[in-house]
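Q: No letters, just coordinates:
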């Protein structure tokens, strides 16, 4: 049974929306890093502490955000059925670039987490746990693709991409914390909620991925069997 078309459209809209947020975050970060140190966001900006933390590790941060842009752009293309069916070579090559960028993204993300973080131990723990699973998921996706086990490949790709998109999901969650603090008449302190935002964002994305995998599994397995037979 095919997935409900309306539900598929909403799922795609959510993925594209989050990918655009992630891309915007990466572009903003790269722009700030290329500006002179004295031109960083003002101290009145709640994000000033975060900007300063990344500026202290400029090279490593750039090695993280450049592949992040490729991750956000190429990720949705891996799940376009028409592209896979009509242009399998493009799908394979974009997939190789995507996985390479993802590996660099995951490794540099974990390395950044081992340094100074705004959310302290909570943020480090969330990034370490989900960042490690991110790399494992994409490694398993590659393994199944090489074995032409396309149904399993699809499921692990969904898990990996969902974890990567969590970085975009975390931003609205952080924005909510900032807004609540402002409405209460106090200055937002990112140290208080960054760790919580990371745990909530990653967890929500993992739950969404598993729900979607289980919902679409019967139809996906049929399609994968057809592809493998050709």
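A: Structure's in. What do you need? None of these values were measured; they are calculated from a predicted model.

Q: quick one: contacts for residue 112?
A: Residues in contact with residue 112, defined by C-beta atoms under 8 Å, 6 or more residues apart in numbering, are 57, 60-61, 64, 127. C-beta here means a position set from N, CA and C on the backbone, and glycine is covered the same way.

Q: Tell me the spacing between residue 168 and residue 15.
A: Plainly put, residue 168 is 10 Å away from residue 15 if you go by C-beta to C-beta, to the nearest Å.

Q: ok, those two, which is more surrounded?
A: Neighbour totals were compared for residue 168 and residue 15, and residue 168 leads with 23 against 19 (other C-beta atoms under 10 Å).

Q: how close does the more buried one sit to residue 63?
A: From residue 168 over to residue 63 the distance is 19 Å, taken as C-beta to C-beta.

Q: Where does the prediction get shaky in the protein?
A: The model of the chain has pLDDT under 70 over residues 1-3, 35-55, 218-230.

Q: how about the helices of it, start to end?
A: Per DSSP state H, the chain carries helices over the ranges 5-34, 48-55, 58-74, 81-86, 88-113, 120-146, 150-183, 190-229.

Q: The most centrally placed residue in the chain: what's it in contact with?
A: What sits nearest the mean C-alpha location of the chain, by C-alpha atoms, centre = their mean, is residue 164, with 1.9 Å. Neighbouring residues of residue 164 by C-beta under 8 Å, 6+ apart: 22, 71-72, 75, 102, 105, 134.

Q: nearest to residue 144, of those?
A: Comparing these against residue 144 with C-beta to C-beta picks out residue 102 as the nearest, at 15.3 Å.

Q: Residue 87 - how many residues pack around it?
A: Residues near residue 87, counting by other C-beta under 10 Å, number 13.

Q: So what does it have for phi and psi?
A: The phi/psi pair for residue 87 (degrees, to the nearest 10) reads phi -130, psi 70.

Q: Repeat that for residue 115.
A: Dihedral angles (degrees, to the nearest 10) for residue 115: phi -90, psi -150.

Q: now swap in the one 3 residues further on and tell me
A: The phi and psi values for residue 118, taken as degrees, to the nearest 10, are phi -70, psi -40.

Q: Check the gap between the closest residue to it other than its chain neighbours and residue 82 for me.
A: Of all residues not flanking residue 118 in the chain, residue 194 sits nearest, at 4.5 Å (C-beta to C-beta, 6 or more residues apart in numbering). Distance from residue 194 to residue 82, counting by C-beta to C-beta: 40 Å.

Q: if we can go back for a sec, now, of the contacts of residue 112, which are buried?
A: With burial judged by 16 or more other C-beta atoms under 10 Å, the buried subset of these is 57, 61, 64, 127.

Q: which among the contacts of residue 164 gets closest to residue 157?
A: Distances from residue 157 to these, taken as C-beta to C-beta, are shortest for residue 75 (8.9 Å).
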